[in-house]
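Peer 1: 3D, please:
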Amino acid sequence: MSQHTFFGQGFVSPEEIRIESVGINPLDRRRVDVAVDLTPCRQPVRVELVIVGPDDTELCSVTLLNNRRWMVDKILHLRRDARPGTYILHIGVFYEKRLVAHAARSFVFVQER
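Peer 2: Residues are numbered from 1 along each chain as shown. Got it, this is the predicted structure:
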């Protein structure tokens, strides 16, 4: 839960939205569970989630239009099986075509035994 609502600070304007936390959990070679907490806002925003592989190719992209949820939890499906290596999840939050928040987090697919 966002600290803003937990501590009673309420909603912010779209320009004040922040990415408060990101959780990444690879489920298997094709699916990644992603959880993103945003600062609560009443206006809808566009949220983009992109996973880039070790060879800098885009393996997954999702766009959430008119998103009003500040707790986003999605299972992203990769275009091909993941190979061992470091991957990057990019998160962009847009309001009226302007990028208002961005974060990038790395995660690793390990060699199966």
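
Peer 1: partners of residue 91 in the sheet?
Peer 2: residue 49, residue 103 (DSSP bridges).

Peer 1: before we move on, what about residue 98?
Peer 2: Beta-bridge partners of residue 98, as defined by DSSP bridges: residue 95.

Peer 1: that one - how many residues pack around it?
Peer 2: Number of residues near residue 98 (other CB atoms under 10 Å) recorded here: 9. Bear in mind the C-beta positions are built from the backbone N, C-alpha and C, glycine included.

Peer 1: if I look at residue 102, how far off is residue 19?
Peer 2: According to CB to CB, to the nearest Å, residue 102 stands 8 Å off from residue 19.

Peer 1: so between these two, which is more surrounded?
Peer 2: More crowded of residue 102 and residue 19, by other CB under 10 Å: residue 19, with 19 against 12.

Peer 1: now that one: closest residue in space, sequence neighbours ignored.
Peer 2: Nearest residue to residue 19 in three dimensions, chain neighbours excluded: residue 103, at 4.3 Å (CB to CB, 6 or more residues apart in numbering).

Peer 1: list residues touching both of residue 102 and residue 19?
Peer 2: Shared contacts of residue 102 and residue 19, defined by CB atoms under 8 Å, 6 or more residues apart in numbering, comprise 91, 93.
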